[in-house]
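Have a look; sequence and predicted model below, questions after that.
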Amino acid sequence: MNVPTEAIRITNLVKKYGAVTAVENLSLTVPSGIMFGFLGPNGSGKSTTIGCLTGLLDPTSGQIEVLGERFDANSAGLKRRMGVMPETLGLFEPLRAHEFLAFVGRMYGLDEATTRKRVTELLDALELTDSSKVLGEYSTGMRKRVAFAAAVIHSPEVLFLDEPFESIDPAGVALMKQWLHRFTEQGRTVFMTSHVLETVERLCQEVAIIAVPGKLVWQGDITTFGREGAIVFDGQEYDALEPLFLRLTGERRVDLNWL
């Protein structure tokens, strides 16, 4: 696999809904072969940005490159090289898990034998072998496991994950992290959002932080966190992600005298 130096390049991305700007002039690059954390408070434009990066939404303006190629909603070839776990999960609820994953595998161009083998392996590993229920009867955690399996079944080169670990039990999270580490060790790239900053700090090598309305306020290498004065911003030293994030996005302190 010929891996480009940059997995993703975003240049002056703008997304508007009528008069409302969800993403404002966002530019950033994501190196290949890392886990990249894309962070921001609620409503800052994270899911909208992922929608634009994966063809689920059309940008108002700007340019996106994925794996060295210009990307838009019609880039079918590039989409086959990407895996997506959206915030909304995108499951077909009347189907059973094996039926849905078989559909996804064939949609991505896997042959029938490979699809059948990978569906069986994914369902076994993620403990989703009960075929008596349709997806609409699954718990939230089980639905997220299926969505994750659908995102990786075709062994993509770039993986977009929107809040991947929320509602999943610790054993499932540990297994997914194991797979993600192996994914990047092979030169592939993970672009993920999460509100759990401790998880991002442990998993990711680089982070971008945006604030409302989708404006980049900081991007950098976070592998030095844990050391004193690891990162200096605006004259202040930070040795963990949470205080830096709160400083950049607007820390709120509210005292309730009855607590």
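Sure, I can see it.

Which stretches in the protein count as helices?
Under the criterion DSSP state H, helices of the chain are mapped to 46-54, 76-79, 97-107, 112-125, 140-152, 170-185, 197-203, 241-249.

which one of these has the most crowded surroundings?
helix 46-54 (a mean of 24; mean count of other CB atoms under 10 Å). (Glycine included, C-beta is placed from N, CA and C.)

Give me the distance from that helix to the chain's centre.
9 Å (CA atoms, centre = their mean, to the nearest Å).

Kindly report the same for stretch 131-147.
Worked out by CA atoms, centre = their mean, stretch 131-147 lies 20 Å from the chain centre.

Would you reformat the helices of the chain as TSV and include mean pLDDT and distance to residue 221?
Shown next, in TSV, are those (pLDDT from 0 to 100; distance: least, CB to CB, whole Å):
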stretch	mean pLDDT	distance to residue 221
helix 46-54	94	20
helix 76-79	92	27
helix 97-107	96	34
helix 112-125	96	32
helix 140-152	95	26
helix 170-185	94	15
helix 197-203	92	12
helix 241-249	91	12
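
Please tabulate these in a markdown table, including the columns distance to residue 66.
Shown next, in a markdown table, are the helices of the chain (distance: least, CB to CB, whole Å):
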| stretch | distance to residue 66 |
| --- | --- |
| helix 46-54 | 7 |
| helix 76-79 | 5 |
| helix 97-107 | 19 |
| helix 112-125 | 23 |
| helix 140-152 | 15 |
| helix 170-185 | 16 |
| helix 197-203 | 21 |
| helix 241-249 | 26 |
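
Please name the residues that touch residue 20.
Residue 20 makes contact with residue 213, according to CB atoms under 8 Å, 6 or more residues apart in numbering.

Beta-bridge partners for it, please?
Beta-bridge pairing for residue 20 (DSSP bridges): residue 17.

Tell me how many other residues surround residue 111.
The number of residues packed near residue 111 is 10, by other CB atoms under 10 Å.

same thing with residue 88?
10.

Relative to residue 95, how far out is it?
16 Å (CB to CB, to the nearest Å).

first vs last residue of stretch 61-77, how far apart are they?
22 Å (CA to CA, to the nearest Å).

Show me what it is in contact with.
By CB under 8 Å, 6+ apart, stretch 61-77 touches 4, 6-14, 25-26, 52-53, 55, 58, 78, 81-82, 157-158.

how far is it from where the chain is centred?
For stretch 61-77, the distance to the chain centre is 17 Å (CA atoms, centre = their mean).

Can you give me the buried ones in that stretch?
Under the neighbour-count criterion of 16 or more other CB atoms under 10 Å, stretch 61-77 has 62, 64-67, 71, 75 buried.

ok so, going back, out of the helices of the chain, nearest to residue 162?
helix 46-54 (5.5 Å; CB to CB).

what sits up against that closest one?
So helix 46-54 is contacted by 8, 10, 13, 15, 22-23, 26, 38-40, 56-59, 64, 66, 71, 79, 82, 84, 86-87, 160, 162, 191, 193, 210, 214 (CB under 8 Å, 6+ apart).

Quick one: buried ones out of those residues?
8, 10, 13, 15, 22-23, 26, 38-40, 56-57, 59, 64, 66, 71, 79, 82, 84, 86-87, 160, 162, 191, 193, 210, 214.

And the pLDDT at residue 228?
On pLDDT, residue 228 comes in at 58.

beta partners of residue 8?
residue 30, residue 66.

measure it to residue 40 for me?
Going from residue 8 to residue 40 by CB to CB gives 17 Å.

can you count the residues close to residue 161?
Neighbours of residue 161 (other CB under 10 Å): 25.

Please tell me how far the residue lying closest to it once chain neighbours are set aside sits from residue 129.
Of all residues not flanking residue 161 in the chain, residue 192 sits nearest, at 4.1 Å (CB to CB, 6 or more residues apart in numbering). Going from residue 192 to residue 129 by CB to CB gives 27 Å.
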